[in-house]
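Participant: return atomic coordinates for the entry below.
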Amino acid sequence: MNAIRWIFFDIGSTLVDEEAACRHRIRDMIEGSSITFDQFWEKCLQYAKAGCNGDQKAIEFFGLTKTPWHSEDEVPFGNCEESLRALRDRGYQLGIIANQKPGAKDRLDAWGIGRYFSVIASSAEMGISKPNKEIFTRALAMADCRPENAVMVGDRLDNDIALPRSWACKPSGSEKALRSI
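Facilitator: As a prediction, this is how the structure comes out:
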């Protein structure tokens, strides 16, 4: 594990609690329809368990229009800054690889955690989204880091953990690395 120098994080549902924003968006999408929140949510889970993008598939299933995301409802998890500080103090370089709308750096700064990240690879600014391997490759290049010297922390197997073959870590290797930190 001494070879790990960089820890990259997703933002949503990893560093930041998005539950209120997600619920807000769902309420907006189903407003004026006969679809209940629980029906929509169950369909999301059903598609997610099948390995699909649950939100998008549920939107398509019900014939809804995707409404804007409410970033104002997002908040960092309670121990987020403490955890980032502990990792930095142990000598790890920290970075972001995330599918985000424009302004990810500004939001991280507003939450008081932007200073912990030396690299921020945000889909809006980079013009490429996860799980495309190019966003991971570019983030590694920005960090001047080889794949075997990095781990990725995220909430979704399809976007964050089942990474491109060019990324040297397997999900079980990432989990072991994080447990040892």
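Participant: can we go C-alpha only for contacts and neighbour counts from here?
Facilitator: Noted.
Participant: and T14, how far is that from G78?
Facilitator: 12 Å (C-alpha to C-alpha, to the nearest Å).
Participant: which other residues reach the strand ranked longest in the chain?
Facilitator: For the chain, the longest strand by residue count, based on DSSP state E, is strand 93-98. Applying C-alpha atoms under 8 Å, 6 or more residues apart in numbering, the contact partners of strand 93-98 are 5-12, 88, 116-123, 129-130, 135-136, 139.
Participant: what residues go with each domain of the protein?
Facilitator: Listed domain ranges for the chain are 6-17+76-180, 19-71 (source: automatic domain parsing).
Participant: and the shortest one, average pLDDT?
Facilitator: Domain 19-71 shows a mean pLDDT of 94.
Participant: tell me how far it is from the chain's mean position?
Facilitator: For domain 19-71, the gap between its own C-alpha mean and the chain's C-alpha mean amounts to 18 Å (C-alpha atoms, centre = their mean, to the nearest Å).
Participant: just to revisit the earlier point, could you flag which of the contacts of strand 93-98 are buried?
Facilitator: 5-12, 88, 116-117, 119-123, 129-130, 135-136, 139 (16 or more other C-alpha atoms under 10 Å).
Participant: among the residues you listed, which ones are in helices?
Facilitator: 88, 123, 135-136, 139 (DSSP state H).
Participant: and those, which is closest to A21?
Facilitator: S123 (19.1 Å; C-alpha to C-alpha).
Participant: export stretch 88-96 to PDB, keeping only CA atoms.
Facilitator: Output of stretch 88-96 as PDB, limited to C-alpha atoms (Å, rounded to 0.1, in the frame of the first residue of the first chain):
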ATOM      1  CA  ARG A  88      -3.700  14.900   3.700                       C
ATOM      2  CA  ASP A  89      -1.900  14.800   7.000                       C
ATOM      3  CA  ARG A  90      -0.900  11.200   6.300                       C
ATOM      4  CA  GLY A  91       0.800  12.400   3.100                       C
ATOM      5  CA  TYR A  92      -1.800  11.600   0.500                       C
ATOM      6  CA  GLN A  93      -2.500  13.900  -2.500                       C
ATOM      7  CA  LEU A  94      -6.200  14.400  -3.000                       C
ATOM      8  CA  GLY A  95      -8.100  14.900  -6.200                       C
ATOM      9  CA  ILE A  96     -11.600  15.000  -7.700                       C
END
